[in-house]
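Trainee: Next input, structure requested:
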Amino acid sequence: MAKKSKTVQKEKLMYAYIALFVMAAIYVGMLFYNSVVYEKKIYPGIKVAGIDVGGKTKDEARGLIDKKIKEAGSPDIILKGTGEYRLKQKDLAVSYNTQKTVEDAFNIGRDDDLKLKKYYQQDIPVVVEVNHDALAKSFFAITRGENESVENATVSLKNGKLVTGKESLGKRVLLGENIETLLSGVGNFQYTFDLKTKTIEPDVRESDIKAAEKEVQELSSKEVTLKDGATAYRLADKDIASFLSFERGESSPSLVYSFDLPYLFPKPTIEGNVIIVFDKTNIRNWVAGFSQKIDSEPKNAKLAGSGGSVAVVASSKDGKKVQLDELAGKLKDALDSGKNEVNIPVQVTKAEVRDDNLAALGLKGLVSTGWTDFSGSPANRRVNISVGASKFNGVLIKPGERFSFNDTLGPVEAYTGYLPELVILKDKTVPQYGGGLCQVSSTAFRAALNAGLPILARSAHAYPVGYYKPFGVDATIYLPSPDLVFQNDTPGYILIQTRSIGNKLYFDFYGTKKDGSIKFAGDAAGTVGVSDLVEGITPTITEKEARGEGSFTATFYRLMYDSAGKLVKTNYWISRYDSPKKYPH
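Mentor: Alright, predicted model coming up:
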């Protein structure tokens, strides 16, 4: 009996081994079957943007996806927030990487070699590629329209009473989250999205400040005086109140201590754990406005030429500039420590032209004079000459400086004092504000010529004008061009003085006269129409009637000699005048 029992047990064990072997064989067989069947196919259950690609080869899957992309077209991407924003796909360089998408789909489950059931319920988006710089730029533009700044409640004093301003919530567009959502959405052929934003809470609310009215009154009542030499400025309660700021504390004792050296000052904490402080930024903003009471530009001494020398008729004044950051720091320290007086830090800038440095500037005496005769001018022209000449009286030209007549003259309009009078404009002579100003520029031109200064820009009139004899020694101007430009190549400053005597306008240049001498003539040899001053020359007249009745060309020369009498430079000017009949008026 025992022998029969052992035989039965052996048989059962054998059947168990056979069953295990069969199951293992079936398992291995199925794994082998899956590896063969899906060797080049995507596993079942896998989708791309809703497209079932399970059981498809890579090429088959790519074909389905490409078809969907073509059907979708290239619609605008719409982002909805407070406003609506449309992004064009071509502007973002949107493209679909179907090859990588198919590879990603194919690789799903490939690391589960021992998993018998090859079925994966996954739906992945098409891989979307964009120009990230363009996308970021588009989102930054959106943030400007959507973001809202968070504002803490504000406080001020009006007639001794606390006035509060309500806080406001802020809003921020979440760039990273929105970009991720957009790329994933477009990869699923979705093109409309709600912008993801975050609400920003203010640190301080109006209720916090109202609970602190007593503390605000006490802090605002501090007595602080700012001193600028003998001048004192006492801060008003409302000014001090504008310095206050409220910060959210991290703990909740009745007093929070600040160990900012060199002072130890308790900062009041109000209900809700909000700390009241004197804010340096608020103080600096106030200081920037206050400084306008003190800041000033240096003013040069006012000079006048008389009897061949230069005299001071109004003393110079130093400039002052409040040092904003330094004053803000000193004022905060005073408020925190209880000090009552603050000396205002000021930077002093000396005037360039002062009573004590005229000789150092080279303003030694009369350098040259130029004059013109405006006899026969009508009333309006005389007014314009007077107003224009006044713009140059007292002007200083630095050594090496290029002097522009038009820049110094400034606007020529009714509001600057000018009247309508004839000017040459294109092919006509017409009345305009400032007619006659060429009398002023021609006079300045002659003073510069007589001083031996380099003439950098000068234009003759279109036709000969009787006010500017001798012909060829005129300089027409019109804003913005033509202009009269010359350079101060003397070793010192040049002071311009203008004056009128009778029907003559004068420009006097004061400074340091060049060594040597100057001669003007109608020829390069210096033998025809010679004069020591340009006003006395006789220019060479050629091409008479060449451009119509009354037309001609006038030429003159400036010959410059050193102190030994040697010719060192020759300049010449040619003026081609047209017929006056071509410019009717």
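
Trainee: List of residues touching stretch 223-238?
Mentor: By C-beta atoms under 8 Å, 6 or more residues apart in numbering, the residues outside stretch 223-238 that reach it are 156-158, 160, 220-222, 240, 290, 293-294, 327, 331, 334-335, 339-344, 346. Just so you know, the C-beta spots here come from the backbone N, C-alpha and C atoms, and that holds for glycine as well.

Trainee: Buried only: go through those for me.
Mentor: The neighbour count (16 or more other C-beta atoms under 10 Å) marks 156-157, 220, 222, 240, 290, 294, 327, 331, 334-335, 342, 344, 346 as buried among those.

Trainee: all strands of the stretch 401-550 of the chain, in order?
Mentor: 402-404, 420-425, 428-433, 455-457, 485-487, 494-501, 504-511, 517-521, 540-542 (DSSP state E, counting those that start in this stretch).

Trainee: Looking at these, which one is packed in the most?
Mentor: Scoring the strands of the stretch 401-550 of the chain by mean neighbour count under mean count of other C-beta atoms under 10 Å gives strand 504-511 as the most buried, with a mean of 22.

Trainee: partners of that one in the sheet?
Mentor: strand 365-373 (antiparallel), strand 494-501 (antiparallel) (DSSP bridges).

Trainee: Ala301 is nearest to which of those strands?
Mentor: strand 494-501 (10.5 Å; C-beta to C-beta).

Trainee: Any idea which of the strands of the stretch 401-550 of the chain gets closest to Leu13?
Mentor: That would be strand 402-404 among the strands of the stretch 401-550 of the chain, by C-beta to C-beta, at 115.1 Å.

Trainee: Which stretches in the stretch 101-250 of the chain count as helices?
Mentor: Taking DSSP state H, counting those that start in this stretch, the helices of the stretch 101-250 of the chain run over residues 132-146, 175-187, 206-210, 213-220, 237-243.

Trainee: Kindly report the same for the stretch 351-500 of the chain.
Mentor: Going by DSSP H, counting those that start in this stretch, the stretch 351-500 of the chain shows helices at 379-390, 405-409, 438-451.

Trainee: Adding distance to Ala141, write these out as JSON lines.
Mentor: Listed next are the helices of the stretch 351-500 of the chain as JSON lines, based on distance: least, C-beta to C-beta, whole Å:
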{"stretch": "helix 379-390", "distance to Ala141": "51"}
{"stretch": "helix 405-409", "distance to Ala141": "40"}
{"stretch": "helix 438-451", "distance to Ala141": "51"}
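
Trainee: what's the most buried one of those helices?
Mentor: Stretch with highest mean neighbour count among those: helix 438-451 (a mean of 26; mean count of other C-beta under 10 Å).

Trainee: Send over that helix as PDB, restricted to the C-alpha atoms.
Mentor: The C-alpha coordinates for helix 438-451 follow below in PDB (Å, rounded to 0.1, in the frame of the first residue of the first chain):
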ATOM      1  CA  CYS A 438      20.800 138.200 -43.000                       C
ATOM      2  CA  GLN A 439      21.900 141.800 -42.000                       C
ATOM      3  CA  VAL A 440      22.900 140.200 -38.700                       C
ATOM      4  CA  SER A 441      24.600 137.100 -40.100                       C
ATOM      5  CA  SER A 442      26.500 139.200 -42.700                       C
ATOM      6  CA  THR A 443      27.800 141.500 -39.900                       C
ATOM      7  CA  ALA A 444      28.900 138.500 -37.900                       C
ATOM      8  CA  PHE A 445      30.600 137.000 -41.000                       C
ATOM      9  CA  ARG A 446      32.600 140.200 -41.500                       C
ATOM     10  CA  ALA A 447      33.700 140.300 -37.800                       C
ATOM     11  CA  ALA A 448      34.900 136.700 -38.200                       C
ATOM     12  CA  LEU A 449      36.800 137.500 -41.400                       C
ATOM     13  CA  ASN A 450      38.500 140.500 -39.800                       C
ATOM     14  CA  ALA A 451      39.500 138.300 -36.800                       C
END
